[in-house]
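# predicted model and sequence below, questions to follow.
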Amino acid sequence: MVSQRTGAPAWVNAFQNILDLEESRGFDNKAVMGGLDKFVQRWTEEMTAQATGVGDEAFLLKESYDAMSAKVRAQWVDQWRAAIGIATPTNQKPTPVPAKK
């Protein structure tokens, strides 16, 4: 497990834990009561600053996690880990960014 970031905004450590749990559950969208979209909706303003300039901002903030396949959810999680400065676990290769539509 990746260590917690000290001095990070309140949502970052919670989000890191959620991403880890979501991955361990096979990206089933059950790590958060109400789904991950609810967490993103609650913290959108703060998360926007982290997503700007990293990956596909629309993919990170506008796409519904619930509507994604498990494969695309894994890509979303990897992009968010990069955006908040968390390395992908060493036993896993980074997931490629999905092609823009």
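Perfect, thanks for sending it. Residues are numbered from 1 along each chain as shown.

# ok, how many other residues are close to the nearest residue to residue 48 once chain neighbours are set aside?
Nearest residue to residue 48, sequence neighbours excluded (Cβ to Cβ, 6 or more residues apart in numbering): residue 61, at 6.3 Å. Quick note: C-beta positions are derived from backbone N, CA and C, even for glycine. Using other Cβ atoms under 10 Å, residue 61 has 16 neighbouring residues.

# and the one 10 residues further on, by the same measure?
Using other Cβ under 10 Å, residue 71 has 11 other residues around it.

# and for residue 86?
So residue 86, with other Cβ under 10 Å, has 21 neighbours.

# try residue 82
Count around residue 82 with other Cβ under 10 Å applied: 16.

# in which helix or strand does it reside?
Using DSSP states H and E, residue 82 sits in helix 70-83.

# which positions within that helix qualify as buried?
Within helix 70-83, the residues scored as buried using 16 or more other Cβ atoms under 10 Å are 72, 73, 74, 75, 76, 77, 78, 79, 80, 81, 82, 83.
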